[in-house]
Every structure is written in structure tokens, then in C-alpha cells.
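Chemist: Sharing a model prediction with you, sequence too.
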Amino acid sequence: MRIFLDTEFTQLNLNDAKLISLGLVVEKFLDELYIEVSPQPPIGECSAFVRDTVLPLLGRYSGAECPQEEIRSRIINWLQLVRHPDDELFVHFDSEFDERMIRTALDPVPNWLQIARISSRDTNELLRHEYHVKDKIGRPEHHALHDAHALAYSYRPRSTILGFVNPLAL
């Protein structure tokens, strides 16, 4: 089973970045989890971009707020609900920041969970953009849940596109 991840964080310094929000979307959009860290990191720790673009998008989903100390248990509980016992579970990301944020949030990462980068060759950027603008129903970029949906929507494994399976990918 594939789950697609996106996070929003305070700044583009990997060592100082702090989680602001996290979105997880099950393949084929079967389920989703959205978390906003509560309380939010101090505004002074956020880059100008985050203050201007990310923070105004918060607070749109009731029940999303989660204290820092409860984030791990909320994610693990949700993963166990959506997980099929016989399936491998992969959380896919496309940014090293997302990987750092999920690994930190889940520390330690359960042994039944694989966290894996998606190659840019396996996503279609036009589809990702289309997700945010189609139907004009308010799915702005730089919102963790919408960006996780866009990543899932744009995911097109090369083996599927090219009509063959790469034996090295098995």
C-alpha cells in the first residue's frame, strides 16, 4: 500500500526546520490524515515565505490541531487503521525535508513501515499543477494535505507509463 506525504515546515534550513503541518493520503484517495502542530512554532522561527504563504492556509480543517507530543501516536494509530496486515506499507515523499519531518515525528519509525522517496521521473508535474487548479475549489499549493493529494494524483510509475517492469525495481 502506498501513502503519499507532504509537510510544511518553518524554514529551508534542514537542521533548524520545525514541523508546521503534515498530510498523508492513501493511494487512490481512499483515506487521508491531516495534522497541524499545536501550538505552532513561534512566528519568528518562520521564513518570510512561510509567514506569507503557509500560515494563512492553516486552521481550515477542524480537528487537525495536534499537540507535538501526540503527533506520533496519531500518525501510528491512523496508519494501523488503513494498513492491510498482509501488505507492505510505504510512505512516499518527494523532498528531503518531508523525509526529515516524518522520521522525526515517528521516531522511532516502526519496522512495518517503509519511508521511500519518489523519483521525479515517477511524477507528472503537469498533473500536480492540474490538481491544484482544476475545478477551482480551493486546493492551494503549500498546504500539506492538498500537496499530498497532488503528489498522489501526479504519481505515474515509469514502469506503468513505459509498459514494462524494471526488474531492478522489484
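Modeler: Yep, it's here. As the structure is a computational prediction, the values presented were derived from the model and not from experiment.
Chemist: I'd like the secondary structure assignment at A116, please.
Modeler: For A116, the assignment made with DSSP: H, G, I helix; E, B strand; the rest coil gives strand.
Chemist: thought it was touching D94?
Modeler: No: at 10.5 Å, A116 does not count as touching D94 under the criterion of CB atoms under 8 Å. From N, CA and C alone the C-beta is placed, and that goes for glycine too.
Chemist: What residues sit buried inside stretch 95-115?
Modeler: For stretch 95-115, the neighbour count (16 or more other CB atoms under 10 Å) marks S95, F97, D98, E99, R100, M101, I102, A105, L106, V109, L113, I115 as buried.
Chemist: rewinding a little: settle it for me: which of A116 and D94 has more neighbours?
Modeler: Set A116 next to D94 and count neighbours by other CB atoms under 10 Å: D94 wins out with 21 against 11.
Chemist: so who does F4 touch?
Modeler: F4 makes contact with L24, V25, E27, V91, H92, F93, I118, A148, H149, L151, A152, Y155, according to CB atoms under 8 Å, 6 or more residues apart in numbering.
Chemist: Kindly recompute the last result at 10 Å.
Modeler: 23-27, 29, 32, 90-94, 98, 118, 123, 147-155 (CB atoms under 10 Å, 6 or more residues apart in numbering).
Chemist: Give me the three-state assignment for it.
Modeler: The three-state assignment at F4 reads strand, by three-state DSSP.
Chemist: And for the one 3 residues further on?
Modeler: Using three-state DSSP, the three-state assignment for T7 comes out as strand.
Chemist: and the residue lying closest to E96 once chain neighbours are set aside, what element?
Modeler: Closest residue to E96 apart from its sequence neighbours, by CB to CB, 6 or more residues apart in numbering: L14 at 6.8 Å. Using DSSP states H and E, L14 falls within no helix or strand.
Chemist: For stretch 67-84, C-alpha coordinates in CSV please.
Modeler: Output in CSV follows, covering the C-alpha atoms of stretch 67-84 (Å, rounded to 0.1, in the frame of the first residue of the first chain):
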residue,chain,number,x,y,z
PRO,A,67,0.0,18.8,20.3
GLN,A,68,3.6,17.9,19.4
GLU,A,69,3.7,15.1,22.0
GLU,A,70,0.7,13.4,20.4
ILE,A,71,1.7,13.5,16.7
ARG,A,72,3.5,10.2,16.7
SER,A,73,0.6,8.3,18.3
ARG,A,74,-2.0,10.0,16.0
ILE,A,75,0.0,9.0,12.9
ILE,A,76,0.7,5.4,14.1
ASN,A,77,-3.0,4.9,15.0
TRP,A,78,-4.1,6.1,11.6
LEU,A,79,-1.5,4.0,9.8
GLN,A,80,-2.7,0.9,11.6
LEU,A,81,-6.3,1.7,10.7
VAL,A,82,-5.6,2.0,7.0
ARG,A,83,-2.9,-0.7,6.8
HIS,A,84,-3.7,-4.1,5.3
